[in-house]
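1. Sequence plus the predicted model coming up.
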Amino acid sequence: MTQTHRECAPRSTRWDRVGKRARLGLSVLAFVCAALLARRAIAQMLVTFQSPHVVRAPTARMDARLGQRIDDGAAAAKIATPDDLVAFALHATTNALHFGLRHPTHLTFDPEEREGNCVEYAELFASTLNREHGKVDAHAWVVRSDARVLGAKMSDPAWRDHDWVLVVVRGPEGPRRLYVDPTLYGMGLGWDIAGAVRGDVRVPARESPLSPTLSPEIGGKGV
(Lines give C-alpha, C1' and ligand atoms only; values in the text may rest on other atoms or scores of the structure.)
Protein backbone atom coordinates (compact mmCIF):
# COMPACT_ATOMS: atom_id res chain seq x y z
CA MET A 1 0.00 0.00 0.00
CA THR A 2 2.82 2.37 0.86
CA GLN A 3 4.51 1.87 -2.51
CA THR A 4 1.24 2.37 -4.38
CA HIS A 5 0.74 5.59 -2.50
CA ARG A 6 4.23 6.77 -3.49
CA GLU A 7 3.53 6.05 -7.17
CA CYS A 8 0.23 7.92 -7.12
CA ALA A 9 1.50 11.01 -5.34
CA PRO A 10 3.75 12.33 -8.17
CA ARG A 11 0.97 11.71 -10.73
CA SER A 12 -1.46 13.73 -8.60
CA THR A 13 1.12 16.48 -8.30
CA ARG A 14 1.55 16.57 -12.06
CA TRP A 15 -2.20 16.94 -12.57
CA ASP A 16 -2.29 19.66 -9.93
CA ARG A 17 0.39 21.53 -11.84
CA VAL A 18 -1.54 21.15 -15.10
CA GLY A 19 -4.62 22.44 -13.32
CA LYS A 20 -2.71 25.43 -11.95
CA ARG A 21 -1.33 26.24 -15.39
CA ALA A 22 -4.81 25.99 -16.91
CA ARG A 23 -6.24 28.24 -14.21
CA LEU A 24 -3.40 30.70 -14.70
CA GLY A 25 -3.99 30.70 -18.46
CA LEU A 26 -7.69 31.34 -18.00
CA SER A 27 -6.92 34.13 -15.53
CA VAL A 28 -4.56 35.80 -18.00
CA LEU A 29 -7.12 35.45 -20.81
CA ALA A 30 -9.86 36.91 -18.62
CA PHE A 31 -7.58 39.82 -17.67
CA VAL A 32 -6.72 40.55 -21.32
CA CYS A 33 -10.39 40.41 -22.34
CA ALA A 34 -11.36 42.70 -19.47
CA ALA A 35 -8.61 45.14 -20.42
CA LEU A 36 -9.74 45.22 -24.04
CA LEU A 37 -13.36 45.77 -23.04
CA ALA A 38 -12.35 48.48 -20.59
CA ARG A 39 -10.20 50.18 -23.21
CA ARG A 40 -13.15 50.27 -25.61
CA ALA A 41 -15.53 51.54 -22.95
CA ILE A 42 -13.11 54.21 -21.74
CA ALA A 43 -12.37 55.37 -25.30
CA GLN A 44 -16.06 55.76 -26.05
CA MET A 45 -16.69 57.57 -22.76
CA LEU A 46 -13.90 60.05 -23.45
CA VAL A 47 -14.80 60.74 -27.08
CA THR A 48 -18.23 61.90 -28.26
CA PHE A 49 -19.54 62.88 -31.68
CA GLN A 50 -21.72 65.99 -31.57
CA SER A 51 -24.13 67.69 -33.96
CA PRO A 52 -24.30 69.13 -36.48
CA HIS A 53 -24.04 65.78 -38.25
CA VAL A 54 -23.49 66.14 -42.00
CA VAL A 55 -24.73 63.03 -43.84
CA ARG A 56 -23.65 62.16 -47.37
CA ALA A 57 -23.67 59.26 -49.79
CA PRO A 58 -20.27 57.50 -50.05
CA THR A 59 -18.21 58.24 -53.14
CA ALA A 60 -15.25 55.85 -52.83
CA ARG A 61 -13.86 54.58 -56.11
CA MET A 62 -12.47 51.04 -56.18
CA ASP A 63 -10.34 49.94 -59.09
CA ALA A 64 -11.38 46.78 -60.92
CA ARG A 65 -8.91 44.55 -59.08
CA LEU A 66 -10.05 45.59 -55.62
CA GLY A 67 -13.69 45.45 -56.64
CA GLN A 68 -13.23 41.88 -57.88
CA ARG A 69 -11.41 40.86 -54.72
CA ILE A 70 -14.20 42.25 -52.56
CA ASP A 71 -16.89 40.64 -54.73
CA ASP A 72 -15.15 37.27 -54.48
CA GLY A 73 -14.78 37.65 -50.73
CA ALA A 74 -18.44 38.50 -50.30
CA ALA A 75 -19.49 35.48 -52.34
CA ALA A 76 -17.31 33.22 -50.21
CA ALA A 77 -18.59 34.79 -46.98
CA LYS A 78 -22.22 33.90 -47.83
CA ILE A 79 -23.60 37.08 -46.26
CA ALA A 80 -27.07 36.39 -44.85
CA THR A 81 -27.67 38.86 -42.01
CA PRO A 82 -26.91 42.52 -41.21
CA ASP A 83 -24.25 41.36 -38.74
CA ASP A 84 -22.60 39.29 -41.48
CA LEU A 85 -22.65 42.31 -43.78
CA VAL A 86 -21.11 44.71 -41.26
CA ALA A 87 -18.45 42.16 -40.28
CA PHE A 88 -17.52 41.58 -43.91
CA ALA A 89 -17.30 45.30 -44.75
CA LEU A 90 -15.17 45.93 -41.65
CA HIS A 91 -12.84 43.08 -42.59
CA ALA A 92 -12.50 44.32 -46.17
CA THR A 93 -11.82 47.88 -45.01
CA THR A 94 -9.17 46.98 -42.44
CA ASN A 95 -7.48 44.70 -44.97
CA ALA A 96 -7.11 47.68 -47.29
CA LEU A 97 -6.15 50.40 -44.79
CA HIS A 98 -4.09 51.07 -41.68
CA PHE A 99 -4.60 54.27 -39.74
CA GLY A 100 -2.41 57.31 -40.30
CA LEU A 101 -2.55 61.05 -41.03
CA ARG A 102 0.65 61.61 -42.97
CA HIS A 103 -0.93 61.69 -46.43
CA PRO A 104 -3.44 63.68 -48.47
CA THR A 105 -6.95 62.26 -48.47
CA HIS A 106 -7.92 60.48 -51.65
CA LEU A 107 -10.91 58.27 -52.28
CA THR A 108 -9.52 55.94 -54.94
CA PHE A 109 -8.68 52.49 -53.60
CA ASP A 110 -6.71 49.59 -55.08
CA PRO A 111 -5.58 46.19 -53.74
CA GLU A 112 -2.40 47.60 -52.18
CA GLU A 113 -2.77 48.25 -48.45
CA ARG A 114 -2.17 51.88 -47.61
CA GLU A 115 -2.53 54.48 -44.90
CA GLY A 116 -6.02 55.84 -44.32
CA ASN A 117 -7.68 58.51 -42.20
CA CYS A 118 -11.23 58.50 -40.85
CA VAL A 119 -12.63 59.90 -44.12
CA GLU A 120 -11.11 57.07 -46.14
CA TYR A 121 -12.10 54.38 -43.64
CA ALA A 122 -15.71 55.58 -43.62
CA GLU A 123 -15.93 55.98 -47.40
CA LEU A 124 -14.49 52.54 -48.16
CA PHE A 125 -16.57 50.78 -45.50
CA ALA A 126 -19.84 52.42 -46.62
CA SER A 127 -19.14 51.79 -50.30
CA THR A 128 -18.28 48.15 -49.61
CA LEU A 129 -21.44 47.61 -47.57
CA ASN A 130 -23.66 49.18 -50.23
CA ARG A 131 -21.95 47.16 -52.96
CA GLU A 132 -22.21 43.79 -51.22
CA HIS A 133 -25.50 43.97 -49.30
CA GLY A 134 -27.12 41.35 -51.55
CA LYS A 135 -30.38 40.19 -50.01
CA VAL A 136 -29.77 42.13 -46.78
CA ASP A 137 -31.97 45.24 -46.87
CA ALA A 138 -29.38 47.70 -45.60
CA HIS A 139 -27.80 50.94 -46.75
CA ALA A 140 -24.89 53.01 -45.46
CA TRP A 141 -24.18 56.75 -45.34
CA VAL A 142 -21.05 58.57 -44.28
CA VAL A 143 -21.55 61.01 -41.40
CA ARG A 144 -19.24 63.86 -40.40
CA SER A 145 -19.61 65.03 -36.81
CA ASP A 146 -17.88 67.41 -34.43
CA ALA A 147 -15.49 65.34 -32.31
CA ARG A 148 -15.14 66.16 -28.61
CA VAL A 149 -12.72 64.77 -26.05
CA LEU A 150 -14.03 65.16 -22.50
CA GLY A 151 -16.54 67.59 -23.94
CA ALA A 152 -13.94 69.89 -25.51
CA LYS A 153 -12.94 70.43 -29.11
CA MET A 154 -9.38 69.55 -30.06
CA SER A 155 -7.12 72.40 -31.19
CA ASP A 156 -5.56 70.29 -33.97
CA PRO A 157 -7.69 70.72 -37.14
CA ALA A 158 -7.13 67.03 -37.98
CA TRP A 159 -9.13 66.04 -34.90
CA ARG A 160 -11.89 68.66 -34.91
CA ASP A 161 -14.32 66.47 -36.79
CA HIS A 162 -14.67 62.78 -37.48
CA ASP A 163 -16.24 60.63 -40.19
CA TRP A 164 -18.17 57.49 -39.29
CA VAL A 165 -20.98 55.47 -40.90
CA LEU A 166 -24.70 55.22 -40.28
CA VAL A 167 -26.16 51.91 -41.47
CA VAL A 168 -29.95 51.66 -41.75
CA VAL A 169 -31.33 48.12 -41.80
CA ARG A 170 -34.95 47.44 -42.71
CA GLY A 171 -36.56 44.33 -41.27
CA PRO A 172 -40.01 43.02 -40.34
CA GLU A 173 -40.08 45.23 -37.24
CA GLY A 174 -39.15 48.38 -39.19
CA PRO A 175 -35.88 50.25 -39.71
CA ARG A 176 -33.09 50.06 -37.17
CA ARG A 177 -29.82 51.91 -37.04
CA LEU A 178 -26.23 50.79 -36.60
CA TYR A 179 -23.66 53.43 -35.69
CA VAL A 180 -20.41 52.09 -37.11
CA ASP A 181 -16.93 53.55 -36.75
CA PRO A 182 -14.56 51.57 -38.99
CA THR A 183 -11.60 53.74 -37.94
CA LEU A 184 -11.94 52.88 -34.26
CA TYR A 185 -12.50 49.25 -35.22
CA GLY A 186 -9.24 49.27 -37.17
CA MET A 187 -7.49 50.61 -34.06
CA GLY A 188 -8.88 47.76 -31.93
CA LEU A 189 -11.44 49.91 -30.10
CA GLY A 190 -14.67 48.34 -31.42
CA TRP A 191 -17.07 49.67 -34.02
CA ASP A 192 -20.33 50.40 -32.18
CA ILE A 193 -20.43 54.12 -31.27
CA ALA A 194 -24.18 54.42 -30.62
CA GLY A 195 -23.43 55.50 -27.06
CA ALA A 196 -21.06 58.25 -28.24
CA VAL A 197 -23.31 59.99 -30.78
CA ARG A 198 -25.12 63.09 -29.59
CA GLY A 199 -27.89 64.91 -31.42
CA ASP A 200 -30.08 64.40 -34.46
CA VAL A 201 -28.71 62.34 -37.37
CA ARG A 202 -30.94 62.52 -40.45
CA VAL A 203 -30.59 60.96 -43.87
CA PRO A 204 -31.67 63.27 -46.73
CA ALA A 205 -35.04 61.97 -47.96
CA ARG A 206 -33.97 62.13 -51.61
CA GLU A 207 -31.14 59.70 -50.85
CA SER A 208 -33.17 57.23 -48.82
CA PRO A 209 -33.43 53.74 -50.35
CA LEU A 210 -36.47 53.08 -48.19
CA SER A 211 -40.05 53.64 -49.25
CA PRO A 212 -41.55 57.15 -48.77
CA THR A 213 -43.67 55.89 -45.89
CA LEU A 214 -40.55 54.75 -44.03
CA SER A 215 -38.07 57.47 -44.90
CA PRO A 216 -39.18 59.90 -42.12
CA GLU A 217 -38.33 57.20 -39.58
CA ILE A 218 -34.71 57.30 -40.60
CA GLY A 219 -34.27 60.59 -38.78
CA GLY A 220 -33.78 60.31 -35.06
CA LYS A 221 -31.67 60.98 -32.04
CA GLY A 222 -28.32 59.35 -31.47
CA VAL A 223 -28.38 59.21 -27.69
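-> Now that the structure is in, tell me what you want to look at.
2. Helix, strand, or coil at residue 55?
-> Of the three states, residue 55 takes strand under DSSP: H, G, I helix; E, B strand; the rest coil.
3. Quote the end-to-end distance of stretch 46-65.
-> Using C-alpha to C-alpha, to the nearest Å, one end of stretch 46-65 lies 39 Å from the other.
4. Would you mark the buried spots in that stretch?
-> 47-50, 53, 55-56, 58, 60, 62 (16 or more other C-beta atoms under 10 Å). The way it works is simple: take the backbone N, C-alpha and C, and place the C-beta from them, glycine included.
5. With stretch 190-197 instead?
-> In stretch 190-197, counting by 16+ other C-beta under 10 Å, buried: 190-191, 193, 196-197.
6. out of these, who's nearest residue 79?
-> Of all these, residue 79 sits closest to residue 191, with 16.6 Å by C-beta to C-beta.
7. burial of the closest residue to that closest one other than its chain neighbours, as a residue count?
-> Spatial nearest neighbour of residue 191, chain neighbours left out: residue 185 (3.9 Å); criterion: C-beta to C-beta, 6 or more residues apart in numbering. For residue 185, the count of nearby residues is 21 (other C-beta atoms under 10 Å).
8. Residue 185: what secondary structure?
-> With three-state DSSP as the criterion, residue 185 reads helix.
9. ok now do it, which residues does it touch?
-> The contact partners of residue 185, taken as C-beta atoms under 8 Å, 6 or more residues apart in numbering, are 90, 94, 191.
10. ok, 10 Å please
-> 40, 86, 90-91, 93-94, 121, 125, 191-193 (C-beta atoms under 10 Å, 6 or more residues apart in numbering).
11. Distance of it relative to residue 172?
-> The gap separating residue 185 from residue 172 is 28 Å, by C-beta to C-beta, to the nearest Å.
12. Many thanks, we can stop here.
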